[in-house]
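Asks: I'll drop the sequence and a predicted model, then ask my questions.
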Amino acid sequence: MYDPTVARLTYRALLGRRRALILGALPMLLIAISVVVRGLAGADDQTAADLLGGLALATMVPIIGVIAGTGAIGPEIDDGSVVYLLSKPVKRPTIILTKLIVAIAVTMVFSALPTLVAGFILNGNGQQIAVAYTVAALVASIAYAALFLLLGTVSRHAVVFGLVYALVWEALFGSLVPGARTLSVQQWSLAVAHKVTGGDLVTSDVSLTTGTVLLVVVTVLATWYAGQKLRSLTLAGEE
Amino acid sequence: MAVEHPLATPAGDQSRIHDIGYRGYDGPRLGRAYARLSLYSQTLRGSYGLGRSVKSKALPMLLFAVMCVPAAIMVAVAVATKAHDLPVSYTRYAIIMQAVISLYVASQAPQAVSRDLRFKTIPLYFSRPIETADYVQAKFAALASAMFILTGAPLVVLYVGALLSKMDFAHQTKGFGQGLLSVALLSLLFAGIGLVIAAVTPRRGFGIAAVIAVLTISYGAVSTLQAIADAQDSTGAVPWIGLFSPVTLIGGVSSALLGGTSAFPGGHGPSHGQGAVYLLVIVGLIAACYGLLLRRYKKVGL
């Protein structure tokens, strides 16, 4: 179910040439801000939780997830070169699974790792905050990558829809309408993080059971449906 | 030009290019200005999906509706409750809706420039009378106009509503004018930033993500830093931090120079002097975007 050649091609598409630099700019910014904040405010648990929760988990992880998830398959479908891949005797669910693994790995490396580093810079992992948000980022990476990979196979405007979900639904509606938080990857992953650390600074609006079940269901369903979409893929012309 | 061209060949050589019957064009030549205007109007129409498929109309029209509906609701509430002033000031409205505006510029800036880069049609444009500067000006002006329509329309809704509910005419007109000025600045700034980023990559999806990342991450980072500076009682730093993101730049100018209320944490808006610095930075950024675009197209136009 894992094809090394497809994986290598996907890695090259995601990280080739200058793209790795652009993907790396966001984590560098997070770490730079953490250094500035540590210098300004000193080690403070609440500040660390606010920064990691507001900037790292709410903004950075979804954006990296959108770039990696849709970038793993979107451009290939867009320029039509995916037909060369589909014409090979590789099962299409295998292609999706391989691309998903690559997307998850890229998202984790570029979002969870910097979150951990930033957490240690901010307060030296006081009250397990750095570890909690890293766990949340790791869990969220999986769900986001699966979700956005599916979007990449469904729509040509996957990036826009992904961003609308991440920024408008999770950030805007999530802060205005409490009910919207039940359907948010961010809150599900926070539920897991809350269980891992047991602290009071990392809280979630959904229970652990709900969060885990929904995470697994969304990831599995999205991957399965993406495989189905790829099986019946038709290439549309430009616009 | 369809006549025979004697080539500079050695004497005695009989080879030459023959007229093979293509019909010449002897109609009016409309020139550079006309070509530039056409490019402008096509891009402006394109940014709302006019003249394109239904699918590509959906998103810009949806965002336009999302921009206007809250304004209509506010007006309806103000009329029903016979309020004496609008619940939100004209300059504040665009700042509240910044997520929608960012999404619009992120989706339409790559639309305006990425496809020309991807299909390598840029050299074809420049084989016509227009020059690099014309292309950049037309695209920049078109996207800025599209943004101005997007951000100005809800202000018109607010203004008309305010007049219908018999609020003070002079006061409302002044606020409306200030609001229009601030969204004009916002349109130019956002369009410039969006185009510069989009012009670097021929991949549309990547351009969208890059524009949104620059706009929202900088806003998120600046807001977080401002909140922390405010909590640490270093309130003097709050306005200076605001210089580092497009949204807070516009917000700062609106509150310092255009009579708005500050959205910065703790209400520590910039003073008049700082407002002037904000304005300088905005104008500088717009000029820099224009310069960068010119440089970029000098290179890819070959």
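Replies: Structure received. Not measured: the values here are computed from a predicted model. Residues are numbered from 1 along each chain as shown, chains lettered A, B, ... in the order given.
Asks: May I see the buried residues of stretch A:3-17?
Replies: When neighbours are counted by 16 or more other C-beta atoms under 10 Å in any protein chain shown, the buried residues of stretch A:3-17 are found to be A:3, A:6, A:9-10, A:13-15. Every residue, glycine included, has its C-beta placed from N, CA and C.
Asks: Among these, list the two that are farthest apart in space.
Replies: A:3 and A:15 (18.0 Å; C-beta to C-beta).
Asks: follow-up on the earlier one: what's the closest of the buried residues of stretch A:3-17 to residue B:49?
Replies: Top of the list for closeness to residue B:49, among the buried residues of stretch A:3-17 and by C-beta to C-beta, is residue A:13 at 28.7 Å.
Asks: That closest one reaches residue A:74, doesn't it?
Replies: No - counting by C-beta atoms under 8 Å, residue A:13 does not reach residue A:74; the two are 9.7 Å apart.
Asks: looking at it, residue A:114 is touching residue A:57, isn't it?
Replies: No - taking contacts as C-beta under 8 Å, residue A:114 lies outside contact range of residue A:57: 11.5 Å.
Asks: What about residue B:290, how many residues nearby?
Replies: 18 (other C-beta atoms under 10 Å in any protein chain shown).
Asks: Over to the one 3 residues further on?
Replies: The burial count assigned to residue B:293 is 23, neighbours taken as other C-beta under 10 Å.
Asks: element containing the closest residue to residue B:121 other than its chain neighbours?
Replies: Nearest residue to residue B:121 in three dimensions, chain neighbours excluded: residue B:115, at 7.8 Å (C-beta to C-beta, 6 or more residues apart in numbering or on different chains). Assigned by DSSP states H and E, residue B:115 falls within helix B:98-118.
Asks: could you point out which element follows that helix?
Replies: That would be, after helix B:98-118 and using DSSP H and E, helix B:122-126.
Asks: Poorly predicted segments of chain A, please.
Replies: Residue ranges of chain A with pLDDT under 70: A:199, A:234-239.
Asks: Quick check, the residue in it closest to chain B?
Replies: Chain A approaches chain B most closely through residue A:159 (4.2 Å), counting by C-beta to the nearest C-beta.
Asks: re the thing from before, the residue nearest to residue B:121 is in contact with residue B:201, isn't it?
Replies: No - the pair residue B:115 / residue B:201 is not scored as a contact, 11.7 Å apart, by C-beta under 8 Å.
Asks: So for those two, which sits in the more crowded spot?
Replies: More crowded of residue B:115 and residue B:201, by other C-beta under 10 Å: residue B:201, with 21 against 15.
Asks: Now do that one against residue B:105, distance only.
Replies: Look at residue B:201 and residue B:105: by C-beta to C-beta, to the nearest Å, they are 15 Å apart.
Asks: Near the spatially closest residue to residue B:42 that is not a sequence neighbour, how many other residues are there?
Replies: Of all residues not flanking residue B:42 in the chain, residue B:51 sits nearest, at 7.5 Å (C-beta to C-beta, 6+ apart). Look at residue B:51: counted by other C-beta under 10 Å, it has 11 neighbours.
Asks: tell me the secondary structure for the closest residue to residue A:124 other than its chain neighbours?
Replies: Computed as C-beta to C-beta, 6+ apart, the closest residue to residue A:124 that is not its neighbour in sequence is residue A:43, at 6.4 Å. On the three-state scheme (DSSP: H, G, I helix; E, B strand; the rest coil), residue A:43 is labelled coil.
Asks: contacting residues around residue A:43?
Replies: A:122-124, A:126 (C-beta atoms under 8 Å, 6 or more residues apart in numbering or on different chains).
Asks: Identify, from these, the entry nearest to residue B:288.
Replies: residue A:122 (32.8 Å).
Asks: Tell me who's in contact with the closest one.
Replies: A:34, A:37-38, A:43, A:47-48, A:51-52, A:129-130.
Asks: Mind telling me what element it is part of?
Replies: Residue A:122 is part of helix A:113-123 when elements are defined by DSSP H and E.
Asks: which residues touch stretch A:103-118?
Replies: So stretch A:103-118 is contacted by A:10-11, A:14-15, A:23-24, A:26-28, A:30-31, A:33-34, A:51-52, A:56-57, A:60-61, A:64-65, A:68-69, A:71-72, A:130-131, A:133-134, A:137-138, A:141-142, A:144-146, A:148-149 (C-beta under 8 Å, 6+ apart).
Asks: So which of those sit within helices?
Replies: Secondary structure assignment by DSSP state H places A:10-11, A:14-15, A:23-24, A:26-28, A:30-31, A:33-34, A:51, A:61, A:64-65, A:68-69, A:71, A:130-131, A:133-134, A:137-138, A:141-142, A:144-146, A:148-149 of those in helices.
Asks: Now list the buried members of those residues.
Replies: Buried members of the ones in helices among the contacts of stretch A:103-118, scored by 16+ other C-beta under 10 Å, are A:10, A:14-15, A:23, A:26-27, A:30, A:33-34, A:51, A:61, A:64-65, A:68-69, A:71, A:130-131, A:133-134, A:137-138, A:141-142, A:144-146, A:148-149.
Asks: From those, list the ones also adjacent to chain B.
Replies: Near chain B, judged by C-beta under 8 Å from any C-beta of the partner chain, the entries from these are A:26, A:33, A:51, A:71.
Asks: and the two most separated of those?
Replies: Farthest pair in those, by C-beta to C-beta: A:51 and A:71, 26.6 Å.
Asks: quick one on the thing from earlier: and the residue of chain A closest to chain B, how many residues sit next to it?
Replies: 30.
Asks: That one: helix or strand, and which one exactly?
Replies: Assigned by DSSP H and E, residue A:159 falls within helix A:158-163.
Asks: and that helix, what does it pack onto?
Replies: helix A:61-71, helix A:129-154, helix B:98-118, helix B:204-212 (3 or more C-beta pairs under 8 Å, 6 or more residues apart in numbering or on different chains; DSSP states H and E).
Asks: Need the winner for burial among those helices.
Replies: Ranked by average neighbour count under the criterion mean count of other C-beta atoms under 10 Å in any protein chain shown, the helices and strands packed on helix A:158-163 are headed by helix A:61-71 at a mean of 29.
Asks: Tell me the helix or strand right after it.
Replies: In N-to-C order, the element after helix A:61-71 by DSSP H and E is helix A:74-79.
Asks: any idea which helix or strand comes after that next one?
Replies: That would be, after helix A:74-79 and using DSSP H and E, helix A:82-86.
Asks: Name the next helix or strand downstream of that following helix, please.
Replies: helix A:92-107.
Asks: Provide a list of residues in contact with residue 169.
Replies: In the absence of a named chain, this looks at chain A. Per C-beta under 8 Å, 6+ apart, neighbours of residue A:169: A:180, A:183-184.
Asks: meant chain B actually
Replies: Residue B:169 touches residue B:163, counting by C-beta under 8 Å, 6+ apart.
Asks: re the thing from before, nearest to residue B:164 among the helices and strands packed on helix A:158-163 would be which one?
Replies: With C-beta to C-beta as the measure, helix B:98-118 is the member of the helices and strands packed on helix A:158-163 nearest residue B:164 (24.9 Å).
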